[in-house]
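coordinates only, sequence not included:
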């Protein structure tokens, strides 16, 4: 049985947009590149052809990957997310008890994780440790740099 893919509505929309782009525009671009490369003649030493075929394989692989994710998606209804504790779909504000620095992260499924956009996976060490905790609780996280203690300051949708 395939593993469930947890997605927010935003994540679902992004995957559907990417799939649409890959199935339409990108497939046509790659087909055009292959056709142009074939016009050069012999394909045995045609790097343009090889590049286009490699890109085609990548695009088709990504399409299949997205289709599988969508088939196994569990969509989080953010309107129904419980904010009494940290869950997937909540944004949690935490304070590093050593440095006093505050961070706000949205907890998302692994597919949507983007630390540069403050979206961390529920399967990451920090995300996993925060799940189920409430405002005011302190959470100890084993990080590669050592133990970090965060205090949960706020939980929002």
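Sure, I can see it. None of the values given here were measured: they were computed from a predicted structure. Numbering: from 1, shown residues only.

can you give me the strands in this structure?
5-8, 73-76, 91-96, 102-108, 119-121, 138-143, 146-156 (DSSP state E).

just send those strands back as TSV, with mean neighbour count and distance to residue 29 too.
Where C-beta positions appear, they are placed from N, C-alpha and C, glycine not excepted. Below are the strands of the chain laid out as TSV (neighbours: other C-beta atoms under 10 Å; distance: least, C-beta to C-beta, whole Å):
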stretch	mean neighbour count	distance to residue 29
strand 5-8	22	27
strand 73-76	16	27
strand 91-96	19	37
strand 102-108	19	30
strand 119-121	21	29
strand 138-143	13	42
strand 146-156	15	41
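
for residue 64, which of those strands is the nearest?
Across the strands of the chain, residue 64 has its closest neighbour in strand 5-8 (13.9 Å, C-beta to C-beta).

how about the nearest residue to the residue most central in space within the chain, chain neighbours excluded?
Nearest to the mean C-alpha position of the chain, counting by C-alpha atoms, centre = their mean, stands residue 112 at 2.1 Å. Excluding the flanking residues, the one nearest residue 112 by C-beta to C-beta, 6 or more residues apart in numbering is residue 11, at 4.0 Å.

the one you found against residue 110, yeah?
No - between residue 11 and residue 110 there is no contact under C-beta atoms under 8 Å: 10.3 Å.
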